[in-house]
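>>> what would the 3D arrangement of this be:
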Amino acid sequence: MELIKSILILVIGFVLLLKGADYFVEGSSSVAKQLRIPSMIIGMTIVAMGTSLPECAVSVTASLAGNNTLAVSNVVGSNIFNLMVVCGACALFAPLTIKKDTLKKEFPLSIICASLLMVLGYIGMILGHIDGVVFLILFAGYLLWMINSAKKARAAHKEDELMKEEGEFVDEEIKLIPMWKCAIYIIGGMIGIKYGGDFVVDSASSIALAFGLSQTLIGLTIVALGTSLPELMTSIVAARKNEVDMALGNVIGSNIFNILLVLGVAAAISPVAFLMDNIIDTVVLIVMSLVVLVFAWTSKVINQKEGIAMLCMYAVYMVYICIR
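Residues are numbered from 1 along each chain as shown. As a prediction, the model looks like this:
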């Protein structure tokens, strides 16, 4: 009976995630259009913050309970999933065109954040209160940078420089809806994403336990994958709506948010243990990030074949996680 209940909750969670992501993207896209802000910046801020809610909720709750040993595994596992599965799956629906600024600024920043996590974690094998504060200060700086970029983009839009880039599909694909309705869509979408993620993670964990899987394996796989489902759903919906900038911005932004905000808050509340497996997983994240950067740099686009290669690389990583 409990197994049937868990499966039912799992289905409800997926529905909430899908519909929440749909409304979230629609509301965010309309805001971007009306405020003349590029979709990439909206994706790296509002959308990324919304889809990072599950990771934040899981890690903060664990820290408050003083049981955050899997916090790093959750974040690093989620980031690898975001990069390889979310980007790879989106590339199957529509080629992910990468802008020069993204290649030179945002993408390298996500790699720097992962490298900083590895260095700070390796020193003393723990993320302490000071490390958490450092991450939060960097996060505040990142937000200020994004706000400044938005202001510059709006100024450039007035000169019709961005209209030429984004106007070709934006009028056809994005519905202009009132700002109050956009707020409802965004907030409602975030709520759906948050609770959908919780339902999926909790029910999947219950199903896994029913089949005798260990708590450690559940934490490294189901929890990390489950908390990344919002990024997957949101980015696929964005890609299907031709909002490829928002899809990519969501992934990069979420990865930066996960390290700087989620681990920053968790470590500031309670020191986070850093295991040797975390070092290995962080190195895997950095290497995979460099591989995707090379894919993007060579042709300024991630095509379907590269998307399939990314999904295959993730499958190999999952096999390694299960047997180690």
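>>> and the closest residue to A89 other than its chain neighbours, what pLDDT?
Residue nearest to A89 in three dimensions, not counting chain neighbours: I236, with 5.9 Å by C-beta to C-beta, 6 or more residues apart in numbering. C-beta: built from backbone N, CA, C; applies to glycine. pLDDT recorded at I236 is 75.
>>> who's in contact with I236?
With contact taken as C-beta atoms under 8 Å, 6 or more residues apart in numbering, I236 is in contact with 21, 86, 89-90, 93, 247.
>>> so how far is S228 from the residue nearest in space to the middle of the chain?
The centre of the chain sits closest to S254, judged by C-alpha atoms, centre = their mean, with a distance of 3.3 Å. Note on S254: its distance to S228, by C-beta to C-beta, to the nearest Å, is 8 Å.
>>> try C312
Taken as C-beta to C-beta, the span from C312 to S228 is 18 Å.
>>> run a quick neighbour tally on the closest residue to M276 other than its chain neighbours.
The spatial neighbour of M276 that comes closest, neighbours along the chain excluded (C-beta to C-beta, 6+ apart), is M125 at 7.9 Å. A count of neighbours around M125, defined by other C-beta atoms under 10 Å, yields 12.
>>> hmm, A273 and M125 touching each other?
Yes: with contact defined as C-beta atoms under 8 Å, M125 counts as touching A273 (7.4 Å).
>>> any common contacting residues for those two?
Here M125 and A273 have no joint contacts, going by C-beta under 8 Å, 6+ apart.
>>> about what we covered before: so which of C312 and S228 has more stuff around it?
S228 (28 against 12).
>>> that one: which element?
For S228, the host element (DSSP states H and E) is helix 224-240.
>>> same deal with Y320?
Element membership for Y320 (DSSP H and E) is helix 304-323.
>>> residues making contact with that helix?
In contact with helix 304-323 (C-beta under 8 Å, 6+ apart) are residues 77, 80-81, 83-85, 87-92, 95-96, 217, 220-221, 284, 288, 291-292, 295, 302.
>>> could I get the buried residue list for that helix?
For helix 304-323, the neighbour count (16 or more other C-beta atoms under 10 Å) marks 306-307, 309-311, 313-314, 317-318, 321 as buried.
>>> follow-up on the earlier one: where do the contact lists of S254 and S228 overlap?
Joint contacts of S254 and S228 (C-beta under 8 Å, 6+ apart) are 78, 82.
>>> pLDDT score for D245?
According to the prediction, D245 has pLDDT 63.
>>> name the next helix or strand downstream of the helix or strand of the chain with the lowest mean pLDDT, please.
For the chain, using mean pLDDT, DSSP states H and E, the weakest element among its helices and strands is helix 161-173, scoring a mean of 45. Once the chain leaves helix 161-173, the next helix or strand it forms, by DSSP H and E, is helix 179-210.
>>> so for that following helix, what's the average pLDDT?
For helix 179-210, mean pLDDT rounds to 79.
>>> any idea how far that helix is from the chain center?
14 Å (C-alpha atoms, centre = their mean, to the nearest Å).
>>> next one: phi and psi at V272?
Backbone torsions of V272, given as degrees, to the nearest 10, read phi -100, psi 120.
>>> what's around it, how many residues?
Taking other C-beta under 10 Å as the criterion, the count of residues near V272 is 25.
>>> now it: closest residue in space, sequence neighbours ignored.
Using C-beta to C-beta, 6+ apart and skipping residues adjacent in sequence, the residue nearest V272 is L127, 4.2 Å away.
>>> cool, and D281?
Nearest non-adjacent residue to D281, counting by C-beta to C-beta, 6+ apart: V76, 4.6 Å away.
>>> next: T282.
Distances taken as C-beta to C-beta, 6+ apart place M118 nearest to T282, at 4.3 Å, with adjacent residues excluded.
>>> give me the distance between L263 and I98.
26 Å.
>>> what's the answer for M84, then?
With distances taken as C-beta to C-beta, M84 is found 16 Å from I98.
>>> one more: V237?
Distance of V237 to I98, given as C-beta to C-beta: 20 Å.
>>> now swap in P178 and tell me
33 Å.
>>> what mean pLDDT does the strand or helix carrying I147 have?
Using DSSP H and E, I147 maps to helix 129-158. What helix 129-158 shows for mean pLDDT is 80.
>>> same check, this time on stretch 263-277
84.
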